[in-house]
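**Student:** When you get a sec, could you give me coordinates for this:
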Amino acid sequence: MNRYPHVLFLLLTMTLSSGCSEDSNNNATISPKNLTRDAVCMLDGMILLDHPGPKGQVIFKNGESHFFCDTKGLFSALYDPNYKMKIKQAFVQDFGKRKWGSYNDRWITVEQAFFVLGSSKLGAMGPTLATFSVRADADNFAKEFGGSVLAFNELDEEKFEAYQTHIRQQLRDTMSDTSAPDSSEAVHQHH
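**Tutor:** Numbers count the residues shown, from 1 in each chain. Below is the predicted model of the structure:
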């Protein structure tokens with residue numbers, strides 16, 4: 001019926017190949033940006049290089065890249081309905097075999113990371129989730145500084161919220177301990 005089957009074939013091939021190239025662009029490797037002195041936290045504008053601990057980074061579907069001065073901020077965004085549907089990829093820094101205040105980038109995807117929750121090490125915003133690409137490094141860090149190790153797929157929203165609640169309770173306990181009068185003072189006040 002069609003007098004030009006080769007034209008129809010060519011059009012079909014072009015349509016399919018353009019669809020494939022769009023898909024390949026969507027699945028293209030996304031590279032994180034390196035930290036510079038100008039890098040600031042998306043949530044509070046803190047200069048990242050001025051603060052210790054692991055940082056986070058997201059690449060949004062529109063191509064924008066944003067940093068977090070702390071991994072807790074990154075996870076808050078990952079679980080926030082206003083952000084999570086817009087995020088194409090999230091990254092954290094690999095702290096394996098490096099000092100806690102060093103700033104070489106070593107970005108890894110959050111899916112590759114192992115997280116130490118509850119260590120004694122503090123990040124930009126206090127207690128933080130230390131991040132590692134190798135479980136053995138995370139285990140060694142936890143042995144030295146405390147905490148428990150979870151892979152990304154084990155760190156769901158419920159566990160993250162429980163961790164946040166624990167941190168808030170520790171802060172409240174610390175605040176009430178420092179504001180409570182010394183018992184010897186209380187005795188002296190009653191005499």
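**Student:** mind listing the strands in this protein by residue range?
**Tutor:** Taking DSSP state E, the strands of the chain run over residues 56-60, 65-68, 87-93, 107-109, 114-117, 122-123, 126-127, 130-132, 148-151.
**Student:** Pick the most deeply packed of those strands.
**Tutor:** A comparison of the strands of the chain by mean neighbour count, using mean count of other Cβ atoms under 10 Å, puts strand 130-132 on top with a mean of 28. Where C-beta positions appear, they are placed from N, C-alpha and C, glycine not excepted.
**Student:** Sheet partners, orientation included, of that strand?
**Tutor:** Paired strands of strand 130-132, with direction, are strand 114-117 (antiparallel) (DSSP bridges).
**Student:** gap between the partner strand and the chain center?
**Tutor:** In terms of Cα atoms, centre = their mean, to the nearest Å, the centre of strand 114-117 is found 11 Å from the chain centre.
**Student:** Would you reformat the strands of the chain as TSV and include distance to D177?
**Tutor:** Shown next, in TSV, are these (distance: least, Cβ to Cβ, whole Å):
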stretch	distance to D177
strand 56-60	31
strand 65-68	30
strand 87-93	32
strand 107-109	38
strand 114-117	23
strand 122-123	18
strand 126-127	16
strand 130-132	26
strand 148-151	25
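**Student:** I'd like the ones you listed as TSV, with distance to S76 and mean pLDDT appended.
**Tutor:** Below are the strands of the chain laid out as TSV (distance: least, Cβ to Cβ, whole Å; pLDDT from 0 to 100):
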stretch	distance to S76	mean pLDDT
strand 56-60	10	95
strand 65-68	8	93
strand 87-93	12	95
strand 107-109	18	95
strand 114-117	14	96
strand 122-123	13	90
strand 126-127	14	88
strand 130-132	15	95
strand 148-151	17	96
